[in-house]
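S.K.: Sequence and predicted model, in that order:
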Amino acid sequence: MRRLNAALLMTLDGVVEAPQDWQTPYFSEEIGAVIGGSMAESDALLMGRGNYEEWVQFWPSQTDDENPFAGFMNSTPKFVASTTLESVDWNNTTLLEGDVPDAVRALKEQDGKDITISGSPTLVRSLLRAGLIDELRLMIHPVVLGKGKRLFDGDEFDLELAGSRTFDTGVVYAVYRPAAKAS
């Protein structure tokens with residue numbers, strides 16, 4: 001069975017919205033290598049409607065010369081979970097139909113490498129509730145915004161730390177897994 005990993009850029013106060021506005025000063029070659037390593041472990045991307053609508057405006061026009069992640073983003077199969085979109089038009093993109101957790105379970109049962117969700121906090125929360133996220137990979141930036149969409153907003157999850165690393169820029173990379181429930 002394939003693993004489903006959620007990777008998000010986050011501020012110290014839990015904001016995951018619009019990372020393009022606050023994360024750039026903290027990006028480094030080390031962070032790029034971790035992101036590249038995660039991409040190498042994946043052969044599919046899963047995203048929500050909002051993330052799809054943002055990315056389809058950016059990535060298809062990018063080349064490897066402009067952005068080292070462009071080839072991966074444009075060639076990798078992408079799956080979009082949405083109840084409002086009627087179609088998707090980005091290369092290698094499929095709109096999931098029916099119940100999202102059921103569709104994601106079916107994706108996880110297919111042969112292949114890991115599936116990665118990058119961003120899409122609403123989708124991540126719903127899939128955590130459904131028990132479908134295998135790892136939550138957070139790059140926590142030393143920024144406090146005080147407002148914005150947060151990853152956790154009224155939900156409760158038991159997680160256990162699977163690993164962590166601190167980068168020279170002050171970003172902490174923390175990997176969590178759902179905690180095993182006591183019987």
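M.R.: Nice, I can see it.

S.K.: Next, count neighbours for the closest residue to residue 12 other than its chain neighbours.
M.R.: Among residues not flanking residue 12 along the chain, residue 144 sits closest, at 5.1 Å (Cβ to Cβ, 6 or more residues apart in numbering). In short, each C-beta sits where N, CA and C put it, glycine included. The number of residues packed around residue 144, counting by other Cβ atoms under 10 Å, is 10.

S.K.: tell me the SS of residue 144?
M.R.: When classified by DSSP: H, G, I helix; E, B strand; the rest coil, residue 144 comes out as coil.

S.K.: quick one, phi psi at it?
M.R.: Taking degrees, to the nearest 10, you get phi -120, psi 120 for the backbone angles of residue 144.

S.K.: quick one, what contacts it?
M.R.: If you count contacts by Cβ atoms under 8 Å, 6 or more residues apart in numbering, residue 144 has them with 11-13.

S.K.: Of those, just the buried ones, ChimeraX syntax please.
M.R.: The buried residues among the contacts of residue 144 can be selected in ChimeraX (16 or more other Cβ atoms under 10 Å) with this line:
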select :11
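
S.K.: Show only the entries of the contacts of residue 144 found in strands.
M.R.: Cross-referencing the contacts of residue 144 against strands under DSSP state E gives residue 11.

S.K.: quick one: the residue most central in space within the chain from residue 19, how far?
M.R.: Centre of the chain computed as the mean C-alpha position; nearest residue by Cα atoms, centre = their mean is residue 118, 1.9 Å away. Separation of residue 118 from residue 19 (Cβ to Cβ, to the nearest Å): 10 Å.

S.K.: Do a quick rundown of the helices in the protein.
M.R.: 29-40, 49-58, 70-75, 100-109, 121-129 (DSSP state H).

S.K.: contacts for stretch 118-132?
M.R.: 4, 6-9, 16-17, 19, 45-48, 50-51, 81, 100-101, 104-105, 108, 117, 133, 136, 149-153, 155, 157, 178.

S.K.: Okay then, goodbye and thanks.
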